[in-house]
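> quick one, what's the 3D model for this:
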Amino acid sequence: MGRKDEIVVGLDVGTHKVVAVVGDVKTDGTVEIIGVGSSPSNGIMKGVVVNVNQTMEAIQRAVHEAELMAGCTVNAVYVSVSGAHLKSFNNRGVVAVQSRVVGEQDVERVLENAKAAQIPADRQIIHTVPQEFVVDDNDGIRQPLGIAGSRLQVNVHVVTALVSGVQNVIQCAERAGLHVLKTSAEMIASAKAVLEEDEKELGVVLVDIGGGTTDVAIFHNGFIVHSAVLPVGGDHVTKDIAVGLRTPKAEAERIKIQHGCALSTLVGEDEVIEVACVGGREAIERKRKLLCDIIEPRIEEVYHLIEREIQASNFADVLGSGVVITGGTSLLPGCAELGEDVLGHPVRVGYPRLGGSGGNGSGGRGGMIVGGLRDLVNSPIYSTALGLVLQAAEDDVGDNGTPGGNSRTAIRRNGSKGAPGGWVDKMRDWMRQAF
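Below you'll find the predicted structure:
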C-alpha cells in the first residue's frame, strides 16, 4: 500500500513579519502548498527576540491564518533562526573504517567526530553540513557507503548560534502551542528554496536581505563553504527614509515598497510622490529621485560589506554563477543592477524554485514546489519559509520514497486535512501524555 501524503510546516520568524507555510508532501516527494499565513512582527529586532509575548502573538496569528487556509491543525513546525549571533566555520572529522568497507556506522561516527569542535559554553551547533567525504586519498565523494578503504574523512560546514537566541525562538513557538521539530539557519533554508544545483556546482553567493540582517552563504562544488550574517538590512533603509523625508516609520516603509528604487538613474527627474509628515501635518510632494538618493547609498553599503565577506572567504575567483539575492529588499527595482556594479558579478533576484508548467524550475522532481498556492508564494519574501517546508519534506521522505527519521513525529503532530482530523490528533496526543 502506498504512503499517504504528509503535512509539513515552515515558520519564518523574521524582524518585520512572521510567515507560516503549510505544505502537503506527495508520495513522490514533491510539495503542494495548501496554506499561507503572515503577521507583522514587533517582538524581533535584528533577528533576535526582544519581546516574547509580541513574538508569540505574531506566531499565533500567522499559524492561525495558515490553518484556516489549509483546513488543518498545525502542531509541529520547522523554525528559522537568524541574527548576527550566528557564526560558522569549516571543520573535519576522521575515523578508521571498521570493516574495510564504509558502512552507515562509519558515516555516523565520522560526522559525530566532526561535530566534536570546541565552542564556547553559551553557543550550540545548529548545522553540521557535509561538504565531501574522503576515503583514504580519494576526495570529492558525496556518498561513501559501500566504498572500500581504511580511513574515512568528512569535511563539514558548521553553523553555531547563541543558546539563548535559539531557545528564545523555540520558547515563543512553544508558548504559541507548537512543537519545534527542527531549527534551521535562515541562509540554509533560503538557499534550499532559490538556488539551482548547477549554480551551487559552479560557485554562487546567496544573499538574503532581511529586515534586520543580511545573510551571506557561498557555495562551491555543490556544497556550502562559507557563511556569515551582516548586521544591516531593509529596516536600516526604512529608517534612512524616515529621517531623510521627515516621515513616520510606517509611512517610510510604505513609500519604500511602493516607490523605492535602489538605482537613482532609473528614476525620471519629473516623478513625484506624496509623503505624509510627522505630527499629523499635511502631506507634501517630494521628488521620487530624492527618495532613491536616500536608498541607493545604504544598499551600496550593504553590497560593499558583502564584497568584503566574499574576499574573506577566499572563494572570490570561483563564483561562476555570480550572486543570487533574495528577501523582501531584493524586490527593490535596480537592486540587482546596483549589485552588479559594486560586486562585478552577475546578480539575479532569487525566486522560489517552482516546478510544473509555468514554474521557475524543472517540474516533477522530489523536493520541489509543484502545486496548490504556489503562485501566492512565488516571491523572494517567502524564500525562507518555503525552504523550511522543502527541508521538512526532505526529512520526511527518503531516497526510496519511504518516510525518513523525523517523519513519524511530523505526521502525528500535524493534523490531517479538515478540522476534525486535527481535533482527533490533539485528543490522541493528550491521551498519550495522560496514560
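
> and for the closest residue to Gly322 other than its chain neighbours, the neighbour number?
What sits nearest to Gly322 in space, not counting adjacent residues and going by C-beta to C-beta, 6 or more residues apart in numbering, is Pro346, at 3.6 Å. Every residue, glycine included, has its C-beta placed from N, CA and C. By the criterion of other C-beta atoms under 10 Å, Pro346 has 15 neighbours.

> show me the contacts for Pro346.
321-323, 340 (C-beta atoms under 8 Å, 6 or more residues apart in numbering).

> buried sites along stretch 243-258?
245-247, 251-256 (16 or more other C-beta atoms under 10 Å).

> reformat the contacts of Pro346 as CSV; add distance to Gly14 and secondary structure.
Below are the contacts of Pro346 laid out as CSV (distance: C-beta to C-beta, whole Å; DSSP: H, G, I helix; E, B strand; the rest coil):
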residue, distance to Gly14, secondary structure
Ser321, 26, coil
Gly322, 25, coil
Val323, 21, strand
Glu340, 26, helix
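
> selection in PyMOL covering whichever of these are buried, please.
Buried residues within the contacts of Pro346, by 16+ other C-beta under 10 Å, are selected in PyMOL with:
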select buried, resi 321+322+323
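
> between the contacts of Pro346, which is nearest Asp198?
Checking the contacts of Pro346 against Asp198 with C-beta to C-beta, the nearest one is Ser321 at 7.4 Å.

> and the residue nearest to Gly322, how far from Leu111?
35 Å (C-beta to C-beta, to the nearest Å).

> any stretches of the stretch 251-400 of the chain with poor pLDDT?
356-367, 396-400 (pLDDT under 70).

> one step back: now render the contacts of Pro346 as TSV, adding distance to Pro297.
Converted to TSV, these look like this (distance: C-beta to C-beta, whole Å):
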residue	distance to Pro297
Ser321	28
Gly322	23
Val323	19
Glu340	17
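
> about what we covered before: dihedrals phi and psi, the residue nearest to Gly322?
Here is the backbone geometry of Pro346 (degrees, to the nearest 10): phi -60, psi 140.

> surely Thr183 forms part of a strand?
Yes - counting by DSSP: H, G, I helix; E, B strand; the rest coil, Thr183 is part of a strand.

> where's it relative to Gly10, distance?
With C-beta to C-beta as the criterion, Thr183 and Gly10 are 12 Å apart.

> any shared contact partners between the two?
78, 80.

> of the two, which one has the most company?
A direct count of neighbours by other C-beta under 10 Å for Thr183 and Gly10 places Gly10 higher, at 28 against 23.

> averaged pLDDT, the helix or strand encompassing the more buried one. What do you get?
Taking DSSP states H and E as the criterion, Gly10 maps to strand 6-13. Strand 6-13 shows a mean pLDDT of 94.

> helices or strands up against it?
With contacts taken as 3 or more C-beta pairs under 8 Å, 6 or more residues apart in numbering; DSSP states H and E, strand 6-13 sits against strand 17-25, helix 52-70, strand 76-81, helix 163-175, helix 186-194, helix 383-396, helix 407-413.

> now the helices for the protein?
With DSSP state H, the ranges of helices along the chain come out as 52-70, 104-115, 163-175, 186-194, 197-202, 234-244, 249-259, 288-313, 335-343, 383-396, 407-413, 419-434.

> looking at those helices, which is closest to Val272?
helix 288-313 (6.4 Å).

> now do the closest one against helix 335-343, angle only.
50 degrees (axes from the mean of the first three to the mean of the last three C-alpha atoms, to 10 degrees).

> so how far is helix 288-313 from its chain's centroid?
In this view, helix 288-313 has its centroid 22 Å away from the chain centroid, taken as C-alpha atoms, centre = their mean, to the nearest Å.

> okay, the angle between that helix and helix 249-259?
90 degrees.

> tilt between helix 288-313 and helix 234-244?
140 degrees.

> ok so, going back, any chance of TSV for the helices of the chain, columns distance to Phe133?
What follows is the helices of the chain, written out as TSV (distance: least, C-beta to C-beta, whole Å):
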stretch	distance to Phe133
helix 52-70	38
helix 104-115	8
helix 163-175	28
helix 186-194	20
helix 197-202	17
helix 234-244	39
helix 249-259	46
helix 288-313	22
helix 335-343	32
helix 383-396	19
helix 407-413	25
helix 419-434	39
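
> of all these, which one is nearest Val156?
Here helix 104-115 is closest among those (C-beta to C-beta), at 4.5 Å.

> how far away is the residue nearest to Gly322 from Val204?
Taken as C-beta to C-beta, the span from Pro346 to Val204 is 10 Å.

> cool, Ile126 as well?
Distance from Ile126 to Val204, by C-beta to C-beta: 22 Å.

> ok, now Ala116?
30 Å.

> who's more crowded, those two?
Val204 (26 against 8).

> which ones are touching the residue lying closest to that one once chain neighbours are set aside?
Nearest non-adjacent residue to Val204, counting by C-beta to C-beta, 6+ apart: Ser321, 3.9 Å away. Ser321 makes contacts with 198-200, 202-204, 346, as judged by C-beta under 8 Å, 6+ apart.

> with those residues in mind, which one is nearest to Ala393?
When the contacts of Ser321 are compared against Ala393 (criterion: C-beta to C-beta), the nearest one is Lys200, at 18.7 Å.

> correct me if wrong: that closest one contacts Ala217.
No - between Lys200 and Ala217 there is no contact under C-beta atoms under 8 Å: 10.0 Å.

> joint contacts of those two?
With C-beta under 8 Å, 6+ apart, Lys200 and Ala217 have common neighbours Ala191.

> comparing the two, which residue is more hemmed in?
More crowded of Lys200 and Ala217, by other C-beta under 10 Å: Ala217, with 27 against 20.

> which non-adjacent residue is nearest Arg112?
In this structure residue 112 is Glu, not Arg. Gly93 (7.3 Å).

> ugh, wrong one, I meant Ser379
Ser379's closest residue in space is Tyr351 (C-beta to C-beta, 6+ apart), at 6.9 Å.

> cool, and Lys289?
With C-beta to C-beta, 6+ apart, the residue lying closest to Lys289 is Val267, at 5.0 Å.

> contacting residues for the one you found?
So Val267 contacts 261, 288-289, 292 (C-beta under 8 Å, 6+ apart).

> using JSON lines, lay out those residues together with neighbour count and distance to Pro380.
Formatted as JSON lines, the contacts of Val267 follow (neighbours: other C-beta atoms under 10 Å; distance: C-beta to C-beta, whole Å):
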{"residue": "Cys261", "neighbour count": "23", "distance to Pro380": "17"}
{"residue": "Arg288", "neighbour count": "20", "distance to Pro380": "23"}
{"residue": "Lys289", "neighbour count": "19", "distance to Pro380": "25"}
{"residue": "Cys292", "neighbour count": "23", "distance to Pro380": "20"}
